[in-house]
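Asker: Requesting a structural model of the entry that follows:
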Amino acid sequence: MKRRLIILLAVAIPVVATLAPVAADATSRGGAPTCATVPVTAPSGTRVESVTAVANAGGTVSFPAPPVPGGAPIDNVPAWCDITVVVTHTGANDHVTIKVSLPQDPRNWSGRFQATGGSAYLAGDFTYPLVAAVKAGYVAAATDAGVGQNPVDVSGWALTSTGQVNGPLLENFASRSLHDMAVVGKDVARRFYGRAVSYAYWNGCSTGGRQGYQEAQDHPDDFQGILAKAPAINWDRFAVASLWSQAVFNEEKVAPTSCELEAFTAGAIQACDTLDGVRDGVIDNPADCRWDPRALVGTKVVCQGQEITVSAATADAIRKVWAGPVSTSGEQLWYGPNKGATLAPLATPGTPFFVGETWVRYFVQRDPAFDVTKLTYRTFEQLFRASHQKFADVIGADDPNLARFARAGGKLLSWHGQTDELVPTQGTVDYRRRVERAFGGARKVDDFYRLFLLPGVNHCVPGGAGPFPTDDLGALVDWVEKGKAPATLRASVTGTDGRTVTRDVCRYPKVARYTGHGDPASAANFRCA
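Answerer: Here you go, the predicted model:
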């Protein structure tokens, strides 16, 4: 059950949903284009294998139980056409599926194109994101990168029959399929409506966020606007770093219970909640929180009827988890989760985060039976360095040279929750700082790349204690099409007491501070500082 919950946290979109059956109609109505196959142009080195078309009647579109975030039915969807293109790459022996969804009636099309991202080991979801985008007036696209539609299980594609990493499919998952989708998706739209796309946008979170950064680095002309949320960039390092707690617990010979993990998180929030001047159950800027978990030593925690006394060894282990992985010589290797984030997904003894576990077993070690629960400080460092050496250039998505993207006029809007329980927020901050160094300061970077750190926001989906963005894509559209660079992101959350809390989240490195007057639940009473 715990593993199922972790998967749902990681997958911000329904990954096994299929559309409820609707009536298909491939004839034209009222001058609308016929839902039929069209000729398709693919990038150099990519060959089109097949093109199919399916008409959808629209109305209310449902997704099967169990409901997961983003899986609620969508009503008032206009009739749309799904055009599916299968491509292959020279010498790769692959078959990549790209699905393009287009409003049937040109009057329902805004002229915009939206490419949608994936989550975990899913390159893109063919269901909910596409339907939601069509309702919003976009032509939308997603790709499976040739690796299928399973975000968790890579056993069918990661390794070749000889036990080697399947380089072409990993390249597809990491980067190549994204450019294919951009070129094919925009070409299908042009041929379907008889006019070119006016604006092209990327929209993705987690893996989808990483994909957006990858596109900005590799193909700066593909999208005028990129919305990259909670990006799993630095993949070669972040994935292995997610296993750090297993090494810590083994070396320190402790196994914190879930109740102890919750107590440490609660202790941090209690100590650092009011650093921003307001007690609201949220640590506004975890980087400012200096609370030491060893303050809980001797505290008694009741867990499933059993009283547990927090030991010095357990508290010190949590301190090391928060501090992030280090080498055996004390060199900082990567970042840990922020104080205030739920610890269980990345720090449950014997239950490693599946993204990191899968990455190490299949790609770093090429051994599906490798046991990451038995890591030591030494073996962790070996895995970390091996992953970085072998895969940084393949899937790191962390090249700070965004000069071509800036020259192309592209806009990158990115946000990351300060209580992200899966992808440590400081990895994104690290990248932003490196871009600033490359460009000679924050002012130049803000012209094309803005980052927002959201207090109390979890990984990709609403559910944390802090206000969640209400229209991040709209903010990006205004930046691209109207030149209105966002100084803040509007966000809101409904508390357990039923009250709605609003915030205007400030762009990095600024933070919102209470003015000392008025209702602290209202964004109007905060200022960026």
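Asker: Let me know the pLDDT of residue 463.
Answerer: The pLDDT attached to residue 463 in the predicted structure is 88.
Asker: One more: residue 451?
Answerer: Note for residue 451: predicted pLDDT of 98.
Asker: check contacts around it.
Answerer: Contacts for residue 451 (C-beta atoms under 8 Å, 6 or more residues apart in numbering) come out as 414-416, 428-429, 432, 507-508. Yep, even glycine has a C-beta here, placed from its N, CA and C like the rest.
Asker: Now do the helix or strand hosting residue 97: distance to the chain's middle.
Answerer: Residue 97 belongs to strand 96-103 when assigned by DSSP states H and E. Relative to its chain's centre, strand 96-103 lies at 21 Å (C-alpha atoms, centre = their mean, to the nearest Å).
Asker: before we move on, the earlier item: want to throw the contacts of residue 451 into CSV with neighbour count?
Answerer: Below are the contacts of residue 451 laid out as CSV (neighbours: other C-beta atoms under 10 Å):
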residue, neighbour count
414, 26
415, 28
416, 28
428, 29
429, 17
432, 19
507, 20
508, 22
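Asker: So which of those belong to helices?
Answerer: When DSSP state H is applied, those are split such that 428-429, 432 fall in helices.
Asker: so, if you compare those residues, which one comes nearest to residue 268?
Answerer: The closest of the ones in helices among the contacts of residue 451 to residue 268 turns out to be residue 429 (C-beta to C-beta; 18.5 Å).
Asker: hang on, isn't residue 471 packed against residue 490?
Answerer: Yes: using C-beta atoms under 8 Å, residue 471 is in contact with residue 490, at 6.7 Å.
Asker: So which of these two has more stuff around it?
Answerer: Taking other C-beta atoms under 10 Å, residue 471 and residue 490 do not tie; residue 490 has more neighbours (17 against 12).
Asker: Can you read off the pLDDT for residue 303?
Answerer: 88.
Asker: what are the phi and psi angles of residue 143?
Answerer: phi -130, psi 150 (degrees, to the nearest 10).
Asker: who are the neighbours in contact with it?
Answerer: 96-99, 123-124, 177-178, 180-181.
Asker: for these, which one is nearest residue 483?
Answerer: residue 178 (26.4 Å).
Asker: Can you tell me which of the ones in helices among the contacts of residue 451 is closest to residue 269?
Answerer: residue 429 (20.4 Å).
Asker: low pLDDT regions in the protein?
Answerer: 1-31, 64-70 (pLDDT under 70).
Asker: Any idea which residue is closest to the centre of it?
Answerer: For the chain, the residue nearest the mean C-alpha position is residue 206 (1.3 Å; C-alpha atoms, centre = their mean).
Asker: Tell me the spacing between it and residue 120.
Answerer: 7 Å (C-beta to C-beta, to the nearest Å).
Asker: tell me which residues of stretch 43-58 are tucked away?
Answerer: Applying a neighbour-count criterion of 16 or more other C-beta atoms under 10 Å, one finds 46, 51, 53-56, 58 buried in stretch 43-58.
Asker: to the chain's geometric centre, what's the distance from stretch 181-194?
Answerer: 26 Å.
Asker: what comes into contact with it?
Answerer: Contacts for stretch 181-194 (C-beta under 8 Å, 6+ apart): 33, 38-43, 81, 83, 85, 87, 98, 100, 102, 106, 109, 113, 115, 124, 139, 141-143, 196-197, 200, 215, 219, 222-223.
Asker: got a list of what the nearest residue to residue 177 once chain neighbours are set aside touches?
Answerer: Computed as C-beta to C-beta, 6 or more residues apart in numbering, the closest residue to residue 177 that is not its neighbour in sequence is residue 145, at 3.9 Å. Neighbour list for residue 145: 96, 118, 123-124, 169, 172-173, 176-177 [criterion: C-beta under 8 Å, 6+ apart].
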